[in-house]
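J.: The following block contains a protein sequence and its predicted model.
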Amino acid sequence: MKKDETKHEIIEKHFIELIKTKKINVGDQLPSENEIAKYFSVSRHTVRQALERLSQCGLIAKEKGKGTFCIGTGEGDKKSKNIALLTTYISDYIFPKITEGVEEVLRQKGYNLLLFNSNNDIENEVNCLKNIEGQDISGVIVEPAQSAINTIDKEYFRGFTEKNIKYLMINAYYEELNSAYIVLDDEQGGYRLTKYLIELGHRKIAAILKKDDIQGQKRKMGYLKALEENNILSNEALIGEYTTYNKEMCIEMFLKKILELKDKPSAIFCYNDSIALRVIEVLRKNGLQVPKDISIVGFDDSSLATASQTKLTTIIHPKKQMGIQAANYIIGMIEGKLEKPQYVYDAELIVRDSCTKKWW
């Protein structure tokens, strides 16, 4: 016993230790006030002081006519107010809006944001996950890097579960982990864009897609599904696929190849708005106009979709709304109000002027 400890503080610490070491569990009944007073050789007034403090901490509650029971472990009070956001990119494309949404909610609810960026590189992501794991963090919002080929980071996420660090995936997720996630329906988006082009009369539709992210694979599935449903044979020669590291080279080579075809495609489905603008640039250099000579669709409705002379037909990505929802979900998980929320946004098509009917 420390000299400056009061008698009721000694009682408080005694019961906190019993709860912490699980000698008293949630639902267990505590001894009566008289029994506690006799054990510690103190007055009932001192016991009541101690019990009142334990009640204020959310550890115990008195039920009239029944006694005093343990209702909490105190672990929730010790949870960190730090939440990590690990994105594939930070300052480019849709990510500033996602971050803005996350930050807005965390600030309002008294949580701190720690921002990490993998640059869509698996090794960088592993280093970020190691950093996160070593810090005082209670939750992680993450977009996995190169999700279609990444097998390393899954072990870190399993480790988070073991350490009771809550995590939620955005934009892509691993089905085998059965994790919490918020994603856009990429397959549906690929399907709706392709179907729209088909409805305009296009039959020879090329596609430029990303193959090392799950989003790219699902958008390709939607593209192929729309072709099949409309009895259009898919042509591998009209599908260009690139990775994080060979994007520029693959796009240049693919466009060169399809522009040399005698029967050129009349439309191109692009993985995202950024790729769509790059494609439009190359087409213009080759004397082709969009949409007069060739129709183009993008994906994500980023700021780029309306920044150029040609306004892109695209799929709306919720961006800030996804960030807000992700922050609310991760806080709900940390505070024990949610277990593993899973949400899929509908892929909404927005039509602008980058497409036209095929008349010839």
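T.: Thanks, I have the structure now. Numbers count the residues shown, from 1 in each chain.
J.: what about the strands in the chain?
T.: Along the chain, the stretches classed as strands by DSSP state E are 60-63, 67-70, 82-87, 112-117, 139-142, 166-170, 180-184, 205-210, 239-242, 267-270, 295-297, 314-316, 342-345, 348-350.
J.: By mean pLDDT, show me the worst of those strands.
T.: Note on the strands of the chain: lowest mean pLDDT is at strand 60-63, with a mean of 82.
J.: My guess is Gln325 contacts Tyr343. True?
T.: Yes. Assessed by CB atoms under 8 Å, Gln325 is found in contact with Tyr343 at 6.8 Å. Any C-beta I mention is one placed from the backbone N, CA and C, and that applies to glycine too.
J.: list residues touching both of these two?
T.: Counting by CB atoms under 8 Å, 6 or more residues apart in numbering, the shared contacts of Gln325 and Tyr343 are Ile182.
J.: who touches Ala206 in this structure?
T.: With CB under 8 Å, 6+ apart, Ala206 has these contacts: 238-240, 258, 265, 267-269.
J.: Take these and write them to CSV, including neighbour count.
T.: As requested, these are exported to CSV (neighbours: other CB atoms under 10 Å):
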residue, neighbour count
Leu238, 20
Ile239, 19
Gly240, 23
Ile258, 18
Pro265, 20
Ala267, 27
Ile268, 28
Phe269, 30
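J.: can you tell me which of the residues you listed lies nearest to Tyr223?
T.: Comparing those against Tyr223 with CB to CB places Phe269 closest, at 5.7 Å.
J.: Now the closest one: closest residue in space that isn't a chain neighbour?
T.: Ala207 (4.4 Å; CB to CB, 6 or more residues apart in numbering).
J.: Put together TSV for the contacts of Ala206, with distance to Val282 on each row.
T.: Formatted as TSV, the entries for the contacts of Ala206 read as follows, by distance: CB to CB, whole Å:
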residue	distance to Val282
Leu238	16
Ile239	17
Gly240	12
Ile258	11
Pro265	14
Ala267	15
Ile268	10
Phe269	16
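J.: Closest one to Lys13 out of those residues, please.
T.: Phe269 (65.8 Å).
J.: so that closest one sits right up against Tyr223, yeah?
T.: Yes. Shown here, Phe269 and Tyr223 form a contact pair, counting by CB under 8 Å, at 5.7 Å.
J.: what sits in contact with each of these two?
T.: Common contacts of Phe269 and Tyr223, defined by CB under 8 Å, 6+ apart, comprise 190, 193-194, 205, 207, 209.
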